[in-house]
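1. The sequence and its predicted three-dimensional model are supplied below.
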Amino acid sequence: MSKWWKVVAAVAIAFVVLLAVIAITQPKKQTAITNVDRIASIPVNATKMTPAQDTYKPVILSNLWEQPVQMPGPINTAGAEDSPFITPDGNRFFFFFTPDVSVPVEKQLLDGVTGIWWMQKNGTSWTSPEKIILCDDVSLDGAEFVQGNAMWFGSVRTGNMGEIDIYTVTYAEGKWTDVTNAGRQLNVDYDIGEFHIAADGQTLYFHSGKINAGDNMDIWVSQKTNDGWSTPVRVPTVNTAANEGWPYVTPDGNELWFTRFGSPAGYQGPSIYRSVKLSNGSWGPPEEIVASFAGEPTLDAAGNIYFTHHYYSSDNKMIEADIYVAYKK
């Protein structure tokens, strides 16, 4: 496993141990939190970064998009907004939020604020973000993917098959209901990381550093079958000796976007790449599109790129994270 995946695994194990302690000491489930004040949860001394203060500004390396800007609306704060997902119609936006990046993740599990949030388009503006409550006990949820009225997400909670399991939930009559574990095949046999399912629902792209005891994190693909999902194979062309992950496929199925740790252009941190499908159905050579601590791309139907940008100090300390957007020209 790569060093990055070892860290994730260690954190997940700490969560599982913590959950076991909670289950013993607090046998009664907590009441679900319905009124969460995201802004009030942010420490009063937290620094809200601006582009002018940014040591490593995100940069567009293609002439097809405008230079990135902080996403407008009520989303970005002095806390950390991360893991964005926008529906193709551009009307629903989902993200992960935690109020203080300096707090250990095992404490974020208990703060009642950290988790998946969403907002909806109201004309030309966004509604105030709301937390999606997905458990009436302690849990840490994130890495969301939405298709129609179904949301898939990663979670650390009691009852998991593995360290971090994938679950599904359905939005119906104004509520998120029917939280269901995605099953042993994805959570144990394949142990998938962050993922994207193509618009036809038949092709699953995901990253993993565990299949076949690989040393690097690569992007894999699996096809829907009558029994679940086919044996994953590495996606040709896009994987290198570096770590690749966080795949996103455009609704037309013609572009595969992903994050790679490494920039041929010489920028610091991860970059966002795009691979365009060739006439023979294979993926073409990836092109670096957004550089300098840019990752987890998601696009709307207009081709605008939404992504996470982490602010780092010159001595390599993370300050906070925002959602940025690069508008298609």
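-> Everything's here; your move.
2. give me every residue that touches His310.
-> By CB atoms under 8 Å, 6 or more residues apart in numbering, the residues touching His310 are Gly269, Phe293, Gly295, Met318, Glu320, Ala321. Yep, even glycine has a C-beta here, placed from its N, CA and C like the rest.
3. at 6 Å instead, please
-> Phe293, Met318, Ala321 (CB atoms under 6 Å, 6 or more residues apart in numbering).
4. now do Val325
-> Contacts were defined as CB under 6 Å, 6+ apart; by that measure Val325 touches Met71, Asn304, Tyr306.
5. quick one: it is in a strand?
-> Yes - with DSSP: H, G, I helix; E, B strand; the rest coil as the criterion, Val325 is located in a strand.
6. I'd like the numbering to begin with 224 instead of 1 from here.
-> From this message on, residue numbering opens at 224, which makes the last subject Val548.
7. Distance of it relative to Met342?
-> For Val548, the distance to Met342 equals 14 Å [CB to CB, to the nearest Å].
8. for Asp334, same thing?
-> Asp334 is 20 Å from Met342, by CB to CB.
9. who has more neighbours, these two?
-> Per other CB atoms under 10 Å, whichever of Asp334 and Met342 has more neighbours is Met342, with 19 against 15.
10. Surely that one is in contact with Trp349?
-> Yes - between Met342 and Trp349 there is a contact at 4.6 Å, judged by CB atoms under 6 Å.
11. still on that earlier bit, quick one, which of the contacts of His533 has the minimum pLDDT?
-> Within those, Met541 has the lowest pLDDT, namely 89.
12. List the residues that contact it.
-> Contacts of Met541 (CB under 6 Å, 6+ apart): Val324, His533, Tyr535.
13. Which ones among the residues you listed map onto helices?
-> Among the contacts of Met541, no member is found in helices (DSSP state H).
14. pLDDT and distance to Ile265 added to the residues you listed, as CSV?
-> As requested, these are exported to CSV (pLDDT from 0 to 100; distance: CB to CB, whole Å):
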residue, pLDDT, distance to Ile265
Val324, 85, 11
His533, 96, 17
Tyr535, 92, 19
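15. Could you pick out which of those are located in strands?
-> His533, Tyr535 (DSSP state E).
16. In three-state terms, label Leu409 for me.
-> helix.
17. most centrally placed residue in this protein?
-> Centroid-nearest residue in the chain, with CA atoms, centre = their mean: Ser306, separated by 3.2 Å.
18. Tell me if I'm right that Met384 and Asn410 touch.
-> Yes - taking contacts as CB under 6 Å, Met384 lies within contact range of Asn410: 4.7 Å.
19. out of these two, which sits in the busier spot?
-> Between Met384 and Asn410, counted using other CB under 10 Å, the more crowded position is Asn410 (20 against 15).
20. and the more buried one, what does it touch?
-> Contacts of Asn410 (CB under 6 Å, 6+ apart): Met384, Gly385, Asp388, Ile389.
21. please redo it, this time with the cut-off set to 8 Å
-> Asn410 neighbours (CB under 8 Å, 6+ apart): Asn383, Met384, Gly385, Asp388, Ile389, Asn404.
22. Against Glu519, how distant is it?
-> Counting by CB to CB, the gap from Asn410 to Glu519 is 21 Å.
23. Sketch out the low-pLDDT regions of the stretch 324-473 of the chain for me.
-> 435-438 (pLDDT under 70).
24. hmm, try it at 90
-> Scanning the stretch 324-473 of the chain for pLDDT under 90 picks out the ranges 324-335, 346-347, 358-363, 379-381, 385-386, 431-439, 464.
25. Okay, strands next: where are they in it?
-> Along the stretch 324-473 of the chain, counting by DSSP state E, counting those that start in this stretch, strands occupy 338-345, 348-349, 353-354, 362-370, 373-380, 388-395, 398-404, 418-420, 426-431, 441-448, 451-452, 456-457, 467-472.
26. Dump those strands to JSON lines, plus distance to Lys280.
-> Below are those laid out as JSON lines (distance: least, CB to CB, whole Å):
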{"stretch": "strand 338-345", "distance to Lys280": "25"}
{"stretch": "strand 348-349", "distance to Lys280": "24"}
{"stretch": "strand 353-354", "distance to Lys280": "30"}
{"stretch": "strand 362-370", "distance to Lys280": "26"}
{"stretch": "strand 373-380", "distance to Lys280": "29"}
{"stretch": "strand 388-395", "distance to Lys280": "34"}
{"stretch": "strand 398-404", "distance to Lys280": "36"}
{"stretch": "strand 418-420", "distance to Lys280": "27"}
{"stretch": "strand 426-431", "distance to Lys280": "26"}
{"stretch": "strand 441-448", "distance to Lys280": "27"}
{"stretch": "strand 451-452", "distance to Lys280": "39"}
{"stretch": "strand 456-457", "distance to Lys280": "33"}
{"stretch": "strand 467-472", "distance to Lys280": "21"}
